[in-house]
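Peer 1: Next input, structure requested:
(chains A and B)
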Amino acid sequence: MKTLVSINNLSRVFDVSRPWLNRLIERGSKEYLHAVSDVSLNIPAQSIYALVGESGSGKSTIGKIVVGLLEPSNGSVEIGGVDLARETDKATVARTRADIQMIFQDPYASLNPRWRVSDIVTEPVRARGGDISGLAERLLEQVGLSGEDAGKYPHEFSGGQRQRICIARALAAGPKLIVCDEPTSALDVSVQAQVLNLMSDLQEELGLTYLLISHDLTIVRHMADRVGVLYLGRLIEEAPCDDLFDNPRHPYTKMLLDAAPKLDGFGREVEPPKGEIPDPINPPSGCAFHPRCPLAIDRCKQESPQMQQIASSRVACFRAG
Amino acid sequence: MVEPVLSVRNLQVEIPLRKSLLRPVDNVSFDIAPGEILGVVGESGAGKSMTGNAIIGLLDRPAHICGGEVWLRGQRIDNLPPEAMRRIRGKGIGMVFQDPLTSLNPLLPIGAQLRETISEHLPVSNDEAAARAIAALEEVGIPGAARRVDAYPHEFSGGMRQRVVIALALCAEPGLVIADEPTTALDVSVQAQIIVLLKRLCRERGTAIMLVTHDMGVIAETADRVAVMYAGRLVELGPVREVLSAPCHPYTIGLMASTPLASQNRKRLNQIPGAMPRLDALPPGCAFQPRCTSAREVCGQGVGPDLTAGDGRAACWFTQAVSA
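Peer 2: This next block holds a predicted model:
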């Protein structure tokens, strides 16, 4: 299958130092937060790739770098063979940018309350000087709203309807890739089902590629073709969806799957996971998961494991087999 | 039959507005036995938090209880004066809120907050209160409790803060704890730790828990019985295994079918058409009737059904027909 997005050795470092005067007085040094370290992955065209991880694992940072809201500190992101951070030909940059759209987590915060829905939805096309006659109505009908809604304001809609408006806006420019950052975590279960069904339908109809960012494993299992698991900014396991859920290889993935509440787990007594996510400013040496890992050996404390291919999975663990 | 810790009978809460009267909780009745965990689920706006706040007497004005009764261990508490109610909060009923950072005072060490609660409610000396505060922190699994008792809330991580809040809710030894979305703000691995902790404390002390959440998975693993709420009304109440695996009420059936299952990849989700009605535009009769696929003429008439309509299990006129 053709690769649409190719992420190579991507890293992003944030400077979280105190102001220089404080550093001078307190004799502190500069501090850096490694939000994303050395992540490489490929997303095939017309598939759904899910990134999962707990808070602080760097999944949203990767999403923002892919759409160009943040610049990589190191490494590159190529979309259809074009690296937006380095490409100099303006026409190529504009064409590639039009292929990428994003859906955000909070549908209440991502729509301008003073704009009419028709203006919100057609903005991506208007910004490039395209033709917008009848576009708003067509897009709204495509996402299951009515064409008459085009003249209304965002406050007249419920959370699920707003997320549909966000999806309509993302579709306006005819993108190939949509980055969905926690698209349903602000929605209730019955509304979430409506939005997830809509996303699957649109993907099949229009041949879209999704980068789905979520902490909810049940949604990922439901939607994704391929899943990448992040821990403290590193990709620690990547596998086709079924393989990952049926046969997790990294101890962290195993822990995450065990800890997630199950609908049929009546009275289930789980052994709770040990410890918490470490401080990303001073991460543990070697493999970042070793202080919580039941399989850790001395080598894990000293060396950081590289990705290795095992069957259909890629795993960064010395003890995986 | 053991005497229930908490008995709620026909509870009604109303919010008078300039133009209308909203009823966010309507005719809700349930019991919680000692040591039992009752899960309360529903979508946002279903009235689950409002029910919890009404029981503990923390409704924000102008919302107030306008009907029904709340009994705590044989004492009626819904009509108590504020001062008497203040003494019940903490000693009779403990409370755990969703956001652990906003439920702790950022200016006081956690030890001071625990000691204050203990000496307020229990007849103990200051030394004894201090010893109990450390014991309470040890019990909820905070490492180095004696050392960290003088630390401030911001020095703890989210999961540890929620443990402190649980210690605070339990330190005056209440018979009932109302936990309002206690794990929603936490990561999956920390959520699992907190759930195990709540279950252990409940079992060891015989404390009853009213667990308010929107997460069906948490309910399945934690609760003994579950109450499902919709538009301010109780629509189904029963043992968790029965309600989740063989739901009776059309709303619960729809809710379960629209939850993605971990075992199924790419099956189309069932969706309930429409959204929950706004409180100022409730339909006549059963509140779920406009979205219900098996609704008939009687559903849109008169007062909607309560739990007695379906053998005490589901508030639906056609429970039998639906489950068959």
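Peer 1: doesn't B:L107 fall inside a strand?
Peer 2: No - going by DSSP: H, G, I helix; E, B strand; the rest coil, the assignment for B:L107 is coil, not a strand.
Peer 1: mind listing what it touches?
Peer 2: Taking C-beta atoms under 8 Å, 6 or more residues apart in numbering or on different chains, we find B:L107 in contact with B:Y152. Quick note: C-beta positions are derived from backbone N, CA and C, even for glycine.
Peer 1: Can you tell me how far it is from chain A?
Peer 2: In this view, B:L107 and chain A are 23 Å apart by C-beta to the nearest C-beta, to the nearest Å.
Peer 1: Which residue in chain B shows the largest distance from the geometric centre?
Peer 2: Within chain B, the residue lying farthest from the chain centre (C-alpha atoms, centre = their mean) is B:D127, at 34.3 Å.
Peer 1: next structured bit after the strand or helix carrying it?
Peer 2: Using DSSP states H and E, B:D127 maps to helix B:126-139. Using DSSP H and E, the helix or strand that follows helix B:126-139 in sequence is helix B:145-148.
Peer 1: which helices and strands does that following helix pack with?
Peer 2: Counting contacts by 3 or more C-beta pairs under 8 Å, 6 or more residues apart in numbering or on different chains; DSSP states H and E, helix B:145-148 packs against helix B:126-139.
Peer 1: What is the distance between the helix it packs on and the centre of its chain?
Peer 2: Distance of helix B:126-139 from the chain centroid (C-alpha atoms, centre = their mean, to the nearest Å) equals 27 Å.
Peer 1: For it, list the C-alpha coordinates in CSV.
Peer 2: C-alpha atoms of helix B:126-139 as CSV (Å, rounded to 0.1, in the frame of the first residue of the first chain):
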residue,chain,number,x,y,z
ASN,B,126,-4.7,16.8,68.9
ASP,B,127,-2.0,14.1,69.2
GLU,B,128,-4.5,11.4,68.4
ALA,B,129,-5.8,13.4,65.5
ALA,B,130,-2.3,13.8,64.1
ALA,B,131,-1.7,10.1,64.4
ARG,B,132,-5.0,9.3,62.7
ALA,B,133,-4.2,11.6,59.9
ILE,B,134,-0.9,9.7,59.2
ALA,B,135,-2.8,6.4,59.5
ALA,B,136,-5.4,7.6,57.0
LEU,B,137,-2.7,8.5,54.5
GLU,B,138,-1.0,5.1,54.9
GLU,B,139,-4.3,3.4,54.4
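Peer 1: Does that helix reach chain A?
Peer 2: No - shown here: helix B:126-139 not in contact with chain A (C-beta under 8 Å from any C-beta of the partner chain), separated by at least 15.2 Å.
Peer 1: mean confidence for that helix?
Peer 2: Here helix B:126-139 scores 91 as its mean pLDDT.
Peer 1: Going by neighbour count, which residues of it are buried?
Peer 2: Applying a neighbour-count criterion of 16 or more other C-beta atoms under 10 Å in any protein chain shown, the buried positions in helix B:126-139 are B:129-130, B:132-134, B:136-137, B:139.
Peer 1: again, but for stretch A:287-306
Peer 2: The neighbour-count check on stretch A:287-306 (16+ other C-beta under 10 Å) flags A:287-293, A:296, A:300, A:304-305 as buried.
Peer 1: from the chain's centre, how far out does that stretch sit?
Peer 2: With C-alpha atoms, centre = their mean, you get 26 Å for stretch A:287-306.
Peer 1: Please list the outside residues in contact with it.
Peer 2: A:231-232, A:234, A:236, A:250-252, A:255, A:273-275, A:278, A:284-286, A:316-319.
Peer 1: what about the strands in the stretch 151-300 of chain A?
Peer 2: Along the stretch 151-300 of chain A, the stretches classed as strands by DSSP state E, counting those that start in this stretch are A:177-181, A:209-214, A:226-231, A:234-240.
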